[in-house]
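> attaching a predicted model along with its sequence, questions to come.
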Amino acid sequence: MDDLINLKLPKHTEEILEHATKQGFTASCDSLTGSLLRVLVMNKPNASILELGTGAGYSTSWILEGMDQGSRLVSVEFDAESAAVARDVLGHDKRIEFIVEDGGKYIEDHLNDKFDIIFADTWPGKFYLVEETLNMINPHGIYIIDDLNPQSNWPEGHGDKVQELIEYLEKKTEFHMAKLDWSTGIIIMTRR
């Protein structure tokens, strides 16, 4: 099975990647992760969604394509230049709110907010403030992280951090977990 056949990229992905390349931004999620995000989001009508790590908006475009008109997306990015690409290309969509600030600060300032889906694609919410982020997930809500398989751009010692994270998440008995050795390595968790 070739999982890249008939992938059907969202409308704005090529434009986003073009701008990101000009900027030197190379940390966008891959298309397989994007396709999974779109499918998961499509199954949560009227969802409240949090994306930690907008980047240039590549994953954001996949999430938006899966959203119905009753859903809303909050997308948080620390780097203003990258966030500007996402806002310029996708900002016309009224279902999304772009926030330019540190993801850790956002989490700490919104501990009582609840979301149906959280995609943590940056350090806050994935490698620190994990417990706080998991507490922001509604019952039957989804937490998804990627980039868990070894990659050439990982700094020394990062593999140990990934292993510690996986071991920590495996102990979360209030969630069901699926580990996918696919794409860049994905964990999906659903609150029981």
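Right, received. Where do you want to start? Since the model is a prediction, treat every value here as computed from it, not as a measurement.

> pull the helix or strand with minimum mean pLDDT from the chain.
When the helices and strands of the chain are compared on mean pLDDT, DSSP states H and E, helix 13-23 comes out lowest with a mean of 78.

> which residues touch it?
26, 28, 31, 34, 55-58, 61-62, 81-82, 85-86, 88-90 (C-beta atoms under 8 Å, 6 or more residues apart in numbering). To be clear about C-beta, it is placed using only N, CA and C from the backbone, and glycine gets the same treatment.

> give me the distance between the spatially most central residue of the chain and T184.
Centroid-nearest residue in the chain: F119, 3.0 Å away (criterion: C-alpha atoms, centre = their mean). Counting by C-beta to C-beta, to the nearest Å, the separation of F119 from T184 is 13 Å.

> which ones among the contacts of helix 13-23 map onto helices?
31, 34, 58, 61-62, 81-82, 85-86, 88-90 (DSSP state H).

> show me which of the residues you listed are buried.
Neighbour-count burial (16 or more other C-beta atoms under 10 Å) applied to the ones in helices among the contacts of helix 13-23 gives 31, 34, 58, 61-62, 82, 85-86, 89-90.

> all the strands of this structure, residue numbers only.
48-52, 72-77, 96-100, 115-120, 137-145, 175-180, 186-191 (DSSP state E).

> need these in CSV (columns: distance to N153 and mean pLDDT).
Converted to CSV, those look like this (distance: least, C-beta to C-beta, whole Å; pLDDT from 0 to 100):
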stretch, distance to N153, mean pLDDT
strand 48-52, 19, 98
strand 72-77, 19, 98
strand 96-100, 24, 97
strand 115-120, 18, 98
strand 137-145, 17, 97
strand 175-180, 20, 97
strand 186-191, 18, 97
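
> out of those, flag the one nearest W154.
W154 lies closest to strand 137-145 among the strands of the chain, at 14.9 Å (C-beta to C-beta).

> in that closest one, what counts as buried?
Buried residues in strand 137-145, counting neighbours by 16+ other C-beta under 10 Å, are found at 137, 141-145.

> and the residues you listed, which two are furthest apart?
G141 and I145 (14.0 Å).

> before we move on, back to that, which one among the buried residues of strand 137-145 gets closest to P10?
Nearest member of those to P10, counting by C-beta to C-beta, is I144, at 17.2 Å.

> ok, the closest one - contacts?
By C-beta under 8 Å, 6+ apart, the contact set of I144 is 36-37, 40, 117-120, 186-189.
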